[in-house]
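Student: I'll drop the sequence and a predicted model, then ask my questions.
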Amino acid sequence: MKKTFLSLLILLVSVPVMAQNEGAKFRKIDSLMNYYYANNKFMGSVAIREKDKVVFAKAYGFADVENQTPATVDTKYKIGSVTKMFTATIVFQLVEEKKLTLETKLSEYFPKIKNAEKITIGSMLNHKSGIFNFTADSTFATYNTKLQSRKDMLDRLYSYPAAFEPGTKAEYSNSNYLLLGYIIQDITKKSYKENVMARVINKAGLKNTYYFGKINPKKKEAYSYRYKNNEWEKSEEWHESIAGGAGALQSTASDLTKFAEALFIGKLITPESLTEMTQIDMGFGKGVFNFPFGERKFIGHNGGIDGFSSVLAYYPKENVAFSLLLNAQNCDFNELVLGILSSYYKLPYRFPNFKTVEVEDTVLKSYEGNYRNPKLPFTINVKLVDGKLRIHADEQGTFYVNAISTTEFSHDASGVVMVFSPKGFTLKQNGAETFFTKE
């Protein structure tokens, strides 16, 4: 809504669910996940669905580290902001029932929100409302683990100044979906929990998805963890009352892929509503994002809550759904997703090198700056972020590099090696070397 080595002999994992002729691509995905897990990089679950069939599903690590309870494909993880896809689905159902329109003003429900008379339901769905994101408030950490009444949350939202003029830009805000959850309650006279169960979960035939409460390991619910001092430390639990329609569901990876399929084949909303939902404006759809992967464009959402991280993505042209749910993360989430999808589509992919050296921040700081090669039409920016070098090139994307010496850094997935010197760096890739001068 927002890391030591383990022996392979103690990989307690569930039995994988695969197609009979699983093929090399599924073995490579499993090898990749085991490699990450063996290096203390994550714990969690992954599932891939082709049309109406799960072709790969497996869990890695533990649902409960203290009691050494292995995770299985039926272990439930909090999904954070992936919940927003469910909330948006309910909103579109209410629009289809003519109980609401995308042009309905927020002032009809919450006139005390700044600019409420200018904010529409549609602009809340795609984050163009300008409502301040309550999780970005410096006081958020003081109450996020405690029960909050609806009045408590609304009073906070009423007090915030507008982040920007509605419709002039798009900026992610959990406040939009917390309010949409309240509006769903007011229209239907039922709780958000009742609505999501009846309107989405039951209709889609989901068996392991529901509104979360205090984590209960007896219900196969996972705790979440952060890596600290070479071990997994349990994360605090956010209270469900502060998440609501913005992030209060938990699920399994397989269940989420089933939800995605149900949404995109018309079980939950009409094709017209789906078209509106998936139209991207200023980087946002209405409850979804685009996730480009090569020439493919997946549609879905990601999430984070407590120590959980999640993603659900669907590729309509191939009817492929993918979900990754982590209850412990000590790696670049996007790199892991890249590895899974590259393996699935049989694209070249090098497993990352987790052997690294410690480099002082002062040394890393000296590499910051803009670099150019006169024969290339872009600038590469190098910046120190959280103890690592972030590399950004216009039109070329952003990635982080791993230190293999005090001057040499690698990005294994792309085969890039960067060697820094006082005047710039040499970029090595696919046998070629290119020198970039520091400006």
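Tutor: Yep, it's here.

Student: correct me if wrong: A57 contacts E50.
Tutor: No - shown here, A57 and E50 do not form a contact pair, counting by CB atoms under 8 Å, at 12.0 Å. C-beta coordinates here come from the backbone N, C-alpha and C atoms, glycine included.

Student: between those two, who's got more neighbours?
Tutor: A57 (23 against 15; other CB atoms under 10 Å).

Student: so in terms of bridging, what pairs with that one?
Tutor: Per DSSP bridges, the residues bridged to A57 are V17, A47.

Student: that one and A71, how far apart?
Tutor: 12 Å (CB to CB, to the nearest Å).

Student: now for the two: what residues contact both?
Tutor: Taking CB atoms under 8 Å, 6 or more residues apart in numbering as the contact rule, A57 and A71 both touch S45.

Student: so where's the stretch 151-300 of the chain shaky on pLDDT?
Tutor: Nowhere does the stretch 151-300 of the chain drop to pLDDT under 70.

Student: same deal with the stretch 301-439 of the chain?
Tutor: Of all residues in the stretch 301-439 of the chain, those with pLDDT under 70 make up the ranges 395-396.

Student: where do the strands sit along it?
Tutor: Counting by DSSP state E, counting those that start in this stretch, the stretch 301-439 of the chain forms strands over residues 308-315, 320-329, 369-372, 379-385, 388-393, 397-403, 408-411, 416-421, 424-429, 432-438, given from the N-terminal end onward.

Student: can you tell me the centre-most residue of the chain?
Tutor: The centroid of the chain falls nearest to N302 when counting by CA atoms, centre = their mean (2.5 Å).

Student: what is the closest residue to it other than its chain neighbours paired to in the beta sheet?
Tutor: Setting aside the residues directly before and after it, N302 is nearest to V311 in space (CB to CB, 6 or more residues apart in numbering), at 4.3 Å. As for beta bridges, V311 partners with N302, L324 under DSSP bridges.

Student: go ahead and confirm V311 touches L326.
Tutor: No - using CB under 8 Å, V311 is not in contact with L326, being 9.2 Å away.

Student: what do those two both touch?
Tutor: Common contacts of V311 and L326, defined by CB under 8 Å, 6+ apart, comprise F333.

Student: what residues sit buried inside stretch 308-326?
Tutor: 308-316, 320-326 (16 or more other CB atoms under 10 Å).

Student: which pair in the residues you listed spans the largest distance?
Tutor: With CB to CB as the measure, no two of these lie farther apart than F308 and P316, at 26.7 Å.

Student: report the separation between P161 and D52.
Tutor: Between P161 and D52 the distance is 48 Å, computed by CB to CB.

Student: typo on my end, F212
Tutor: When CB to CB is applied, the distance between F212 and D52 equals 27 Å.

Student: just the helices in the protein please.
Tutor: For the chain, applying DSSP state H gives helices covering 23-38, 83-96, 121-125, 150-159, 174-188, 192-196, 202-204, 244-247, 253-264, 271-278, 333-344, 361-366.

Student: export these to TSV and append columns for mean neighbour count.
Tutor: As requested, the helices of the chain are arranged in TSV below (neighbours: other CB atoms under 10 Å):
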stretch	mean neighbour count
helix 23-38	17
helix 83-96	25
helix 121-125	24
helix 150-159	14
helix 174-188	23
helix 192-196	21
helix 202-204	15
helix 244-247	28
helix 253-264	26
helix 271-278	16
helix 333-344	20
helix 361-366	12
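
Student: output those helices as a markdown table; include the columns distance to V419.
Tutor: As requested, the helices of the chain are arranged in a markdown table below (distance: least, CB to CB, whole Å):
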| stretch | distance to V419 |
| --- | --- |
| helix 23-38 | 26 |
| helix 83-96 | 43 |
| helix 121-125 | 47 |
| helix 150-159 | 50 |
| helix 174-188 | 42 |
| helix 192-196 | 52 |
| helix 202-204 | 51 |
| helix 244-247 | 43 |
| helix 253-264 | 39 |
| helix 271-278 | 43 |
| helix 333-344 | 21 |
| helix 361-366 | 14 |
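
Student: start and end of stretch 426-436, how far apart?
Tutor: End-to-end distance for stretch 426-436, by CA to CA, to the nearest Å: 6 Å.

Student: that stretch: which residues count as buried?
Tutor: Taking 16+ other CB under 10 Å as the neighbour-count basis, stretch 426-436 is seen to contain the buried residues 427-428, 436.

Student: then stretch 57-73?
Tutor: Neighbour-count burial for stretch 57-73 [16+ other CB under 10 Å]: 57-65, 69-73.

Student: of these, which is the nearest to V95?
Tutor: Once CB to CB is applied, the member of those that ends up nearest V95 is A57, at 33.6 Å.

Student: measure that closest one to T379 for me?
Tutor: In this structure, A57 and T379 are separated by 43 Å, where distance is defined by CB to CB.

Student: same check, this time on S254
Tutor: With the distance defined as CB to CB, S254 ends up 44 Å from T379.

Student: now L268
Tutor: Distance, L268 to T379, using CB to CB: 45 Å.

Student: over to H127?
Tutor: Taken as CB to CB, the span from H127 to T379 is 29 Å.

Student: of the two, who's got more company?
Tutor: For H127 and T379, the more surrounded residue by other CB under 10 Å is H127, and the numbers stand at 26 against 16.

Student: wait, isn't that one in contact with G285?
Tutor: No - applying CB under 8 Å, one finds H127 not in contact with G285, separated by 9.8 Å.

Student: give the contact list for the spatially closest residue to Y314 that is not a sequence neighbour.
Tutor: The shortest distance from Y314 to any non-neighbouring residue, by CB to CB, 6+ apart, is to A260 (4.2 Å). Shown here is A260, whose contacts under the criterion CB under 8 Å, 6+ apart are 49, 300, 312-314, 321, 323.

Student: and the furthest pair within those residues?
Tutor: The distance between the two most remote of the contacts of A260 (CB to CB) is 12.4 Å, for R49 and G300.

Student: might one say that F92 is in contact with E276?
Tutor: Yes - in this structure, F92 sits in contact with E276. The criterion is CB under 8 Å, and the distance is 7.4 Å.

Student: which neighbours do these two have in common?
Tutor: Here F92 and E276 have K286 as joint contacts, going by CB under 8 Å, 6+ apart.

Student: from S254, how far off is the residue nearest to Y314?
Tutor: On the measure of CB to CB, A260 and S254 end up 11 Å apart.

Student: ok, now I183?
Tutor: Summarising the geometry, the distance separating I183 from S254, computed by CB to CB, is 31 Å.

Student: L106 too?
Tutor: 36 Å.

Student: just L125 next, same as before
Tutor: Distance, L125 to S254, using CB to CB: 27 Å.

Student: so who does G303 touch?
Tutor: For G303, the set of contacting residues under the criterion of CB under 8 Å, 6+ apart consists of 1-2, 79-84, 247, 309-311.
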